[in-house]
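> have a look at this prediction, sequence included:
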Amino acid sequence: MSDPIPVLTIDGPSGSGKGTISRLVAQRLGWHYLDSGALYRAVGVAAGWADLDLDDAGALVRCTFDTEIGFRESDAGELRVLVNGHDATDELRTETAGAAASAIAAIPEVRAALKDRQRAFRRPPGLVTDGRDMGTVIFPDAPYKVFLTASAAERAERRYKQLKDKGVSVTMDGLLREILARDARDASRTVAPLRPAEGAVHIDTTGLDIDAVVERVLAAVVPRPRTSVA
Ligand code: DC
C-alpha cells in the first residue's frame, strides 16, 4: 500500500541551493521540512566532540546510535539543530563538520542507522526533504522528485560569499577544490551514491535567482491522480 502522505525530495550536490530552496518550498506548501545532511553533520560534530577517529567505522556507528539529534525553531523563525541537547547549528555549517559528515556518510551502517529517523519526518500534511539519496533510497515512493545542480564554479562562489559574510577567510581556489573533492566522494561511494532518482525533474540553478528556482520546483508539485488506494 502506498503511503498517502506526500513527499517532495530535493537531491543534489553541496552548494546547489538545496537547503534554501527546500525550506522556502516547504513554507509555501505548508509542509514539514527535513534537512537530511544535518543528521550526518550532527554525527560528525558529535564524533568530533568525542575525539573519534574518522577511520574507526565501529566507533562512528556506535556514535550514530548514541547521538540525540533534535530540531527546533528559534523565536526568530530559524531552524536550530540540537546535538545531545546542545545547540550546534553554527558548528554544523563549518567545513570541518561537512568533511566529517561526508566521510561518515560513506559508512553503510551509519546510513542504515539513520534511515528510520529520516522516515519518521513523513507526517501530514506532507514533507519536503533535501539530501543526496532522498528520492533514491529513503523515500523511493515519493510522488515528487527534483534533482538540483549548479556548476562547480557557481557553487564555490555561493559558498565563498556565505563564508565571507560570516567573516571566515577562504580562497575561491581552495573552496572549488573542496567542492570537487566532496562531489567525487559523494558520487563514488558504493552505498547510496549521489545520483538523480528515476523520474526526477532536473533543474540547473546556475544563473537563476532563488525565486526562479522556487517557482520551478513548485511547478513540479502538481497533483497527480492516486494510482492505488488499498
Ligand atoms: O547537504 P550537506 O552538505 O549538509 O551534507 C553533508 C554531507 O552529508 C555530504 O557530504 C554528504 C552527506 N549526505 C549524505 O550522504 N546523504 C544525505 N541524504 C545528506 C547528506
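All right, it came through fine.
> so what's the residue nearest the centre of the chain closest to, chain neighbours aside?
In the chain, the residue lying closest to the centroid (Cα atoms, centre = their mean) is Gly131, at 3.0 Å. Take Gly131 and drop its neighbours on the chain: the residue closest to it by Cβ to Cβ, 6 or more residues apart in numbering is Ser36, 3.5 Å away. Where C-beta positions appear, they are placed from N, C-alpha and C, glycine not excepted.
> mind giving me the packing neighbours of the helix with the most length in the chain?
Criterion DSSP state H: the longest helix present in the chain is helix 172-188. Here helix 172-188 touches helix 95-104, helix 152-165, going by 3 or more Cβ pairs under 8 Å, 6 or more residues apart in numbering; DSSP states H and E.
> which of the ones you listed sits closest to the ligand?
Smallest distance to the ligand across the helices and strands packed on helix 172-188 (Cβ to the nearest ligand atom): 3.2 Å, for helix 95-104.
> residue numbers of this structure in contact with the ligand?
Residues of the chain lying close to the ligand by Cβ under 6 Å from any ligand atom are 14, 36-37, 40-41, 98, 101-102, 105, 131-134, 182, 186.
> one more pass at 8 Å, please.
Within reach of the ligand by Cβ under 8 Å from any ligand atom, the chain has these residues: 11, 14, 18-19, 35-41, 44, 92, 98-99, 101-102, 104-106, 111, 118, 130-134, 138, 182, 185-186, 189, 192, 194.
> next step: those residues restricted to strands.
Judged by DSSP state E, strands contain the following of the residues of the chain next to the ligand: Asp11, Asp35, Asp130, Gly131.
> need those residues in TSV (columns: pLDDT and distance to Arg158).
Formatted as TSV, those follow (pLDDT from 0 to 100; distance: Cβ to Cβ, whole Å):
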residue	pLDDT	distance to Arg158
Asp11	96	18
Asp35	95	17
Asp130	97	15
Gly131	95	18
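> ok, so of those, who is nearest Asp56?
Using Cβ to Cβ, Gly131 is the member of those that sits closest to Asp56, with 24.3 Å.
> show the contacting residues for the closest one.
Gly131 is in contact with Thr9, Asp11, Lys18, Asp35, Ser36, Gly37, Ile138, counting by Cβ atoms under 8 Å, 6 or more residues apart in numbering.
> swap in Leu163?
Leu163 neighbours (Cβ under 8 Å, 6+ apart): Val170, Leu175.
> now, of the ones in strands among the residues of the chain next to the ligand, which are buried?
The neighbour count (16 or more other Cβ atoms under 10 Å) marks Asp11, Asp35, Asp130, Gly131 as buried among these.
> beta partners of the third one?
This points to Asp130. Beta-bridge partners of Asp130, counted by DSSP bridges, are Ile10, Asp35.
> how much space between it and Thr9?
Distance of Asp130 to Thr9, computed by Cβ to Cβ, to the nearest Å: 8 Å.
> which neighbours do these two have in common?
When Cβ under 8 Å, 6+ apart defines a contact, no residue borders Asp130 and Thr9 alike.
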